[in-house]
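1. Below is the structure, and that's it, no one-letter string:
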């Protein structure tokens, strides 16, 4: 259902306003129950993962490339705008030329993920790019899912989706209902937890890696930017593991640490 | 030499204007031969690495914390501004409250780095955050230096410096004079090159890792965002290594791939 829109204030474009204003977007997306996908590849991955579009916003030259996706939902509006209008609405130059607004589906229950073999568990990782990067690495390296503490940044926020290259759609993930109860929840489910930390009693990650078989259920716990993992999560984990640091560098970025941990602890198949 | 400045248009603040406008900043910083460090920790690291400040721009509450750094250069101006003026000048809210402008030193010659044991070599990595993240991981994981192709983003650009947490000051790095001649340059210097690529004839990174001793000279080659390593660099490398990908994920982000490669191929001490 193609509709050419020439006025940036047209209410039909309301899902796409001011995409760079993160606090405005957080409340708007939560109220309307939507998320935004940007770029042909990411839109395609959202659709393939079963997400249902509310609308598309496309510059004319992107219509042909997404035709197969658009034709799956003949009743969903496709707003065709020129690039200047797109820029006025979104507040930036949409150089990938294609946006889509999708319905947010309900998240799976935590129980649905606790039986998986390899889980990434994020504690208060607040940067959208970091959350997206961690989920991309986890998916690419054969991990099965991710659990996020209540204060983690939203994996379906546009920037997280973009940095993840759509991996947020492929990798099962959900929110932990409580920060405090997360260690107990994992322990009661029989999951072995590996806290990534530079604590004094942490052992070399390389040494820890040899302990797990492909079928063991292992969760790696990664802490917030700057301060790292909390004492509560770190001290209650089964194992504390470190990536040894040199040259006066305090620590790695959480996305780099996650990539290394997912690589070192990956199942072999 | 403290000078209170109340006018955002004061020419004394010219080093700090419009810090978010990357094309303006590129030409300004190159013309004036400067780079900007942001935040107390990063400013301190630049100074400790031997960089010489041109000036500081500080909100009053940051003066005490940086006093030891400021007192090393009693003749360098310290512009004291309130946060509103800082925001007007730079174009954003400087939440870390402290900026410094440093002289750009000459880069070392490539020859000075070719004798090192572990080198990261970046081909056209154009995103400042990726360059900063790669150098932070390389420094933290015990690598000795980095070589950057001519089109790589500038490691001394504010955002790269910030993401690196100052590792761009600790890790020796320089520009390669030529993209085309880089593989030959490394080969002639007797450096074993490991191209990170998903090419068909690439071998598992884990298998490659066992081949090198601590004293072998090894360079890992990482390609541009999106397209990855060029055929020229990949085909002329000593070894092509892959990080196996799953779940329909095309590839890892270059910073994640670099972290894994630096971890897997790190010297043991």
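-> Structure's in. What do you need? Small disclaimer: the values here were computed from a predicted structure and weren't measured.
2. going forward, measure contacts between C-alpha atoms and count neighbours the same way
-> Fine.
3. Tell me the predicted confidence for the residue most central in space within chain A.
-> Centroid-nearest residue in chain A: residue A:155, 3.2 Å away (criterion: Cα atoms, centre = their mean). In this model, residue A:155 is scored at 97, pLDDT.
4. Equivalent analysis for residue A:247, please.
-> 62.
5. Run a quick neighbour tally on residue A:153.
-> By other Cα atoms under 10 Å in any protein chain shown, 20 other residues sit near residue A:153.
6. One more: residue A:44?
-> Considering only other Cα under 10 Å, residue A:44 is surrounded by 19 other residues.
7. wait, doesn't it sit right on residue A:70?
-> No: here residue A:44 lies out of contact with residue A:70, judged by Cα atoms under 8 Å, at a distance of 9.8 Å.
8. Show me which residues of chain A are close to chain B?
-> By Cα under 8 Å from any Cα of the partner chain, the part of chain A that sits against chain B consists of A:133, A:136-137, A:139-142, A:167, A:170, A:244-253, A:255-257, A:259-260, A:263.
9. And the buried ones among the residues you listed, selectable in ChimeraX?
-> Listed next is the ChimeraX selection for buried residues among the residues of chain A next to chain B, using 16 or more other Cα atoms under 10 Å in any protein chain shown:
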select /A:133,136,137,139,140,141,142,167,170,244,245,246,249,251,252,253,255,256,257,259,260,263
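10. mind listing the helices for chain A?
-> A:22-32, A:40-48, A:67-70, A:83-90, A:111-114, A:128-140, A:158-163, A:167-170, A:182-188, A:205-209, A:231-236, A:254-264 (DSSP state H).
11. ok now do residue A:148, which residues does it touch?
-> Each residue near residue A:148 by Cα atoms under 8 Å, 6 or more residues apart in numbering or on different chains is listed here: A:121, A:122, A:123, A:124, A:173, A:174, A:175, A:176.
12. measure it to residue A:182 for me?
-> Residue A:148 sits 10 Å away from residue A:182, going by Cα to Cα, to the nearest Å.
13. Give the residues shared as contacts by the two.
-> Residues touching both residue A:148 and residue A:182 (Cα under 8 Å, 6+ apart): residue A:176.
14. Now do the domain split for chain A, please.
-> The record's domain split for chain A, according to automatic domain parsing, is A:2-103, A:111-264.
15. could you dump these to TSV with distance to residue B:52?
-> Listed next are the domains of chain A as TSV, based on distance: least, Cα to Cα, whole Å:
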stretch	distance to residue B:52
domain A:2-103	36
domain A:111-264	20
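16. Would you mind telling me which of these is nearest residue B:10?
-> Closest to residue B:10 of the domains of chain A is domain A:2-103 (Cα to Cα; 29.8 Å).
17. Could you tell me the end-to-end distance of that closest one?
-> End-to-end span of domain A:2-103 (Cα to Cα): 19 Å.
18. what does stretch A:121-129 give?
-> Taking Cα to Cα, stretch A:121-129 runs 16 Å from one end to the other.
19. Pull up the gap between the residue nearest to the centre of chain A and residue A:132, please.
-> For residue A:155, the distance to residue A:132 equals 6 Å [Cα to Cα].
20. list residues touching both of those two?
-> Shared contacts of residue A:155 and residue A:132 (Cα under 8 Å, 6+ apart): A:161, A:168.
21. what about chain A, any weak spots by pLDDT?
-> Low-confidence regions of chain A, defined by pLDDT under 70, span residues A:247.
22. now do 80
-> Applying pLDDT under 80 to chain A flags residues A:94-97, A:247-249, A:269.
23. what ranges do the strands span in the stretch 101-250 of chain A?
-> For the stretch 101-250 of chain A, the strands defined by DSSP state E, counting those that start in this stretch cover A:118-122, A:145-148, A:173-175, A:192-196, A:203-204, A:218-222, A:239-242.
24. which stretch among these comes nearest residue A:4?
-> Closest approach to residue A:4 among the strands of the stretch 101-250 of chain A (Cα to Cα): strand A:173-175, 36.5 Å.
25. Output the contacting helices and strands for the closest one.
-> Strand A:173-175 is packed against strand A:145-148, with contacts defined by 3 or more Cα pairs under 8 Å, 6 or more residues apart in numbering or on different chains; DSSP states H and E.
26. Look up how far residue A:175 lies from residue A:108.
-> Taking Cα to Cα, one finds residue A:108 at 9 Å from residue A:175.
27. Kindly report the same for residue A:134.
-> Relative to residue A:175, residue A:134 is positioned 15 Å away (Cα to Cα).
28. which of those two has more neighbours?
-> residue A:134 (32 against 20).
29. Tell me if I'm right that that one and residue A:261 touch.
-> No: using Cα under 8 Å, residue A:134 makes no contact with residue A:261, being 10.5 Å away.
30. and residue A:180, how many neighbours?
-> If you count neighbours by other Cα under 10 Å, residue A:180 ends up with 12.
31. How about the contacts made by it?
-> For residue A:180, the contacting residues are residue A:232, by Cα under 8 Å, 6+ apart.
32. go on, residue A:266?
-> Contacts of residue A:266 (Cα under 8 Å, 6+ apart): A:118, A:141, A:142, A:143, A:214.
33. Phi first, then psi, for it.
-> Residue A:266 adopts backbone torsions of phi -60, psi 150, taken as degrees, to the nearest 10.
34. How about residue A:110?
-> phi -60, psi -40.
35. For the nearest residue to residue A:209 once chain neighbours are set aside, give its distance to residue A:118.
-> Among residues not flanking residue A:209 along the chain, residue A:265 sits closest, at 5.3 Å (Cα to Cα, 6 or more residues apart in numbering or on different chains). Here the distance between residue A:265 and residue A:118 works out to 8 Å (Cα to Cα).
36. Between these two, which is the more surrounded one?
-> Each of residue A:265 and residue A:118 has its neighbours counted (other Cα under 10 Å); residue A:118 has more, 27 against 24.
37. Provide a list of residues in contact with residue A:137.
-> Residue A:137 is in contact with A:258, A:259, A:262, B:252, B:253, B:256, counting by Cα under 8 Å, 6+ apart.
38. what about 7 Å?
-> For residue A:137, the contact set (Cα atoms under 7 Å, 6 or more residues apart in numbering or on different chains) comprises A:259, B:252.
39. returning to that earlier point: out of the contacts of residue A:266, flag the one nearest to residue B:14.
-> residue A:141 (46.6 Å).
40. List the contacts of residue A:268.
-> With contact taken as Cα under 7 Å, 6+ apart, residue A:268 is in contact with residue A:214.
41. I'd like to know how far it sits from residue A:215.
-> Taken as Cα to Cα, the spacing of residue A:268 relative to residue A:215 amounts to 10 Å.
42. Please apply the same query to residue A:46.
-> Distance of residue A:46 to residue A:215, given as Cα to Cα: 29 Å.
43. Equivalent analysis for residue A:137, please.
-> According to Cα to Cα, residue A:137 stands 20 Å off from residue A:215.
44. go on, residue A:147?
-> Applying Cα to Cα, the value for residue A:147 to residue A:215 is 19 Å.
45. The two: which has the busier surroundings?
-> Neighbours around residue A:147 and residue A:215, counted as other Cα under 10 Å, are more numerous at residue A:147. The numbers are 23 against 11.
46. quick one: which two of the contacts of residue A:148 are the most distant?
-> A:124 and A:173 (14.9 Å).
47. ok, those two, which is more surrounded?
-> Legend: neighbour count by other Cα under 10 Å for residue A:124 and residue A:173, higher for residue A:173 (24 against 21).
48. That one and residue A:144 touch, don't they?
-> No: when contacts are counted by Cα atoms under 7 Å, residue A:173 is not listed as touching residue A:144 (8.9 Å).
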